[in-house]
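Asker: sequence plus predicted model, see below.
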Amino acid sequence: MKYKSQKVAYWFFALSMLLIVLQITYGFIMGFAHMGYDGLHEIIPFNVARATHNNLLVVWLLSGFMGAAYYIIPEESQNELVSVKLAYVQLITLALVGVTAVIGFHFNWWEGRKFLEIPRPLDYLVVINVLTFLGIILVTLFKGKKQSTTAMVLTMGLVFAALLYLPGMIWFDSQAMDSFFRWWVVHLWVEGVWELIMGGILAFLLIKLTGVDREVIEKWLYVIVGLTFLSGILGTGHHYYYIGAPEYWLIIGGIFSALEPLAFLAMALFALHMYRKGGKKHPNKIAIFWTLGSAIVSFVGAGLLGLAHTLPAVNMYTHGTLVTAMHGHLAFWGAYGMIVFAMIAYALPQLTGRKLFNNPMGLYAFWLSLIGMVGMTVAFGVAGVAQVYLERKMGLDFMVAQIEIEVHFFVLILCATMFATGVGLFIANFLKYGQPNDEAIGQENDDFGSLETSD
Ligand code: HEM
Ligand code: HEM
Ligand SMILES: [Fe+2]
């Protein structure tokens, strides 16, 4: 690492790893419940498990993004973070708000709107926390020597993500209105501004890992940002088909959301093209795996599997079924989970000065988690299609259909075990690296070809 203050990033990554373990645990609780083994129901009913699973996902990803920003912004702007102390306070308060929310869910303290379940008082604390984070990032960036396109796109994504949290805090008496604005948060995050965060991290990693000129990489970044906004904003319409919004959303949502895969395709082509263009390869191969993997898997999970149910005539049947969960898992994992893992895989050797990359554990972590998640996606898909036919075509009662599809969750649990083993190995590697080391400060660890790899 070049700047001492980048060390803060490590602790955000560590929080991220801790929370993903918890998230996966609640995933298993739901997986078993779907199979008919709902023994924990009295203590952790399904709705509590799902709110916990979804919110932990958002918090571990945000913690990963914040860690990435604390690592990237000093380096790109050539400036130490303006206040390391405040960054640690922000880390601790983020963890405290997250833990309070999760405990609250178990005592029925929640708002009941998927992904926005966090109760209102905690929302205000989230706002203060994120403002602190943005303050540190913005002052560091603009007091720095340079404001690169990569840093600007990443920061823009983070600022817009904070702003877009607010529509979810407006109070409505009408459920249709509430639902309408809930999508400004959920959809415009994952299919809008989070893509800028992903694009910024991806560009940074490609600059570091492929050795291709910054100018070339940043030119592509503009294309991705353009495609994202062109399709993603009006693409929100794919959530307005059947919630009581005006009928014109059928056509607007249909057309624009069908264009959304282009942004993800551009991201995948961008990454692959830069990788092939880069003559020299960075010795940290596993970081390259995660980086390219994220760009490709997001195209499949978000682009293709999103497209699969985005037209009104299809969505009429699949809306809110396990087909949605099929897409949700691979999209979130590919686009945002894997880019956070890519950032960690790149940053750990830099932060600790230990070059433990390319060991078998790291490779198994990548392949087991990827194959496991693809398997889970297939299992959700099969269960989802069966659910659509039984419930929506044949008119079976919701719970009667759920019992019929229990059998598919056996495969889900098998694949989830494989996925969790992969994540477990990644975390074991994380722990093996140990904590950041002051001796690593000022070292240039991107020296192509001169680094050795070891176990
Ligand atoms: C061992 C791993 C996991 C298991 C067993 C698991 C299982 C589940 C189950 C059973 C549901 C509820 C589906 C329903 O509504 O009936 C769910 C929801 C969800 N999970 Fe997971 N999950 C796991 C890991 C993950 C990971 C790593 C991510 C993200 C990267 C993720 C993202 C989601 C999302 C976004 C939803 C909500 C889906 C929707 O909106 O319908 N899960 N998960
Ligand atoms: C990385 C990007 C993406 C992520 C993380 C993501 C994740 C999700 C999640 C979690 C849901 C369930 C939301 C809820 O019910 O509250 C969802 C729904 C949906 N997504 Fe995506 N998505 C992404 C990109 C896309 C794209 C590019 C498309 C279209 C091409 C798309 C089409 C849809 C549709 C149509 C629904 C509604 C499903 C329903 O009616 O139940 N998504 N997505
Ligand atoms: Fe959407």
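Answerer: Here it is on my side, so go on. Residues are numbered from 1 along each chain as shown. Ligands and ions are numbered 1, 2, ... in the order given.
Asker: what's the local residue count around the closest residue to residue 165 other than its chain neighbours?
Answerer: Nearest non-adjacent residue to residue 165, counting by CB to CB, 6 or more residues apart in numbering: residue 185, 6.2 Å away. (C-beta placed from N, C-alpha, C; glycine too.) By other CB atoms under 10 Å, the residues close to residue 185 number 19.
Asker: quick check, residue 185 in contact with residue 115.
Answerer: Yes: the pair residue 185 / residue 115 is scored as a contact, 7.3 Å apart, by CB atoms under 8 Å.
Asker: checking the nearest residue to residue 36 once chain neighbours are set aside next. Helix, strand or coil?
Answerer: With CB to CB, 6+ apart as the criterion, residue 36 has its nearest non-adjacent residue at 4.9 Å, and that residue is residue 406. Assigned by DSSP: H, G, I helix; E, B strand; the rest coil, the conformation of residue 406 is coil.
Asker: how far away is residue 406 from residue 70?
Answerer: 44 Å (CB to CB, to the nearest Å).
Asker: follow-up on the earlier one: outside of whichever strand or helix holds the residue nearest to residue 165, which residues touch it?
Answerer: Secondary structure assignment for residue 185, by DSSP states H and E: helix 175-188. With contact meaning CB atoms under 8 Å, 6 or more residues apart in numbering, helix 175-188 is reached by 113-116, 164-165, 167-168, 170, 172, 232-233, 235-236, 238-240, 243-245.
Asker: who has more neighbours, residue 406 and residue 70?
Answerer: residue 70 (28 against 14).
Asker: circling back: how about the helix holding residue 185 and ligand 1, touching?
Answerer: No: Helix 175-188 is not in contact with ligand 1 by CB under 6 Å from any ligand atom; minimum separation 9.1 Å.
Asker: and that helix, which residues are buried?
Answerer: 178, 179, 180, 182, 183, 184, 185, 186, 187, 188 (16 or more other CB atoms under 10 Å).
Asker: out of those residues, which is nearest to residue 363?
Answerer: residue 186 (34.3 Å; CB to CB).
Asker: got the confidence number for that closest one?
Answerer: We have a pLDDT of 98 for residue 186.
Asker: so which residue is smack in the middle of this protein?
Answerer: A centroid search over the chain (CA atoms, centre = their mean) returns residue 336, at 2.6 Å, as the residue closest to the centre.
Asker: quick one, phi psi at whichever residue of the chain sits closest to ligand 2?
Answerer: Proximity of the chain to ligand 2 (CB to the nearest ligand atom) peaks at residue 306, 2.3 Å away. Phi and psi for residue 306, reported as degrees, to the nearest 10, are phi -70, psi -50.
Asker: residue 358: what secondary structure?
Answerer: Judged by three-state DSSP, the three-state class of residue 358 is coil.
Asker: backbone dihedrals for it, please?
Answerer: phi 60, psi 20.
Asker: ok, now residue 160?
Answerer: phi -60, psi -40.
Asker: same check, this time on residue 228
Answerer: phi -60, psi -50.
Asker: wait, it touches residue 262, no?
Answerer: No: with contacts defined as CB under 8 Å, residue 228 does not count as touching residue 262, sitting 9.2 Å away.
Asker: between the two, who's got more neighbours?
Answerer: residue 228 (26 against 17).
Asker: list the contacts for the more buried one?
Answerer: Residue 228 touches 191, 192, 195, 196, 199, 263, counting by CB under 8 Å, 6+ apart.
Asker: these: which two are farthest apart?
Answerer: 191 and 199 (12.9 Å).
Asker: next, count neighbours for residue 104.
Answerer: 18.
Asker: and it, what helix or strand is that in?
Answerer: Counting by DSSP H and E, residue 104 is found in helix 84-106.
Asker: roughly how far does residue 277 sit from ligand 1?
Answerer: 30 Å (CB to the nearest ligand atom, to the nearest Å).
Asker: SS state for the residue of the stretch 1-150 of the chain found nearest ligand 1?
Answerer: Proximity to ligand 1, evaluated over the stretch 1-150 of the chain using CB to the nearest ligand atom, is greatest for residue 27 at 2.6 Å. Look at residue 27: counting by three-state DSSP, its state is helix.
Asker: once you drop chain neighbours, what's closest to it?
Answerer: Nearest one to residue 27, counting by CB to CB, 6+ apart, is residue 53 at 5.5 Å.
Asker: with residue 58 instead?
Answerer: residue 115 (6.7 Å).
Asker: other SSEs contacting the strand or helix carrying residue 47?
Answerer: In this assignment (DSSP H and E), residue 47 forms part of helix 46-77. Secondary-structure packing of helix 46-77 (3 or more CB pairs under 8 Å, 6 or more residues apart in numbering; DSSP states H and E): helix 8-35, helix 84-106, helix 120-143, helix 149-163, helix 194-210, helix 338-352.
Asker: ok, which stretches of the stretch 251-400 of the chain are helices?
Answerer: 261-277, 285-298, 305-307, 312-318, 322-331, 338-352, 360-387, 398-404 (DSSP state H, counting those that start in this stretch).
Asker: what residues does the stretch 301-450 of the chain have near ligand 1?
Answerer: Residues of the stretch 301-450 of the chain lying near ligand 1 (CB under 6 Å from any ligand atom): 324, 325, 328, 329, 332, 333, 337, 416, 419, 420.
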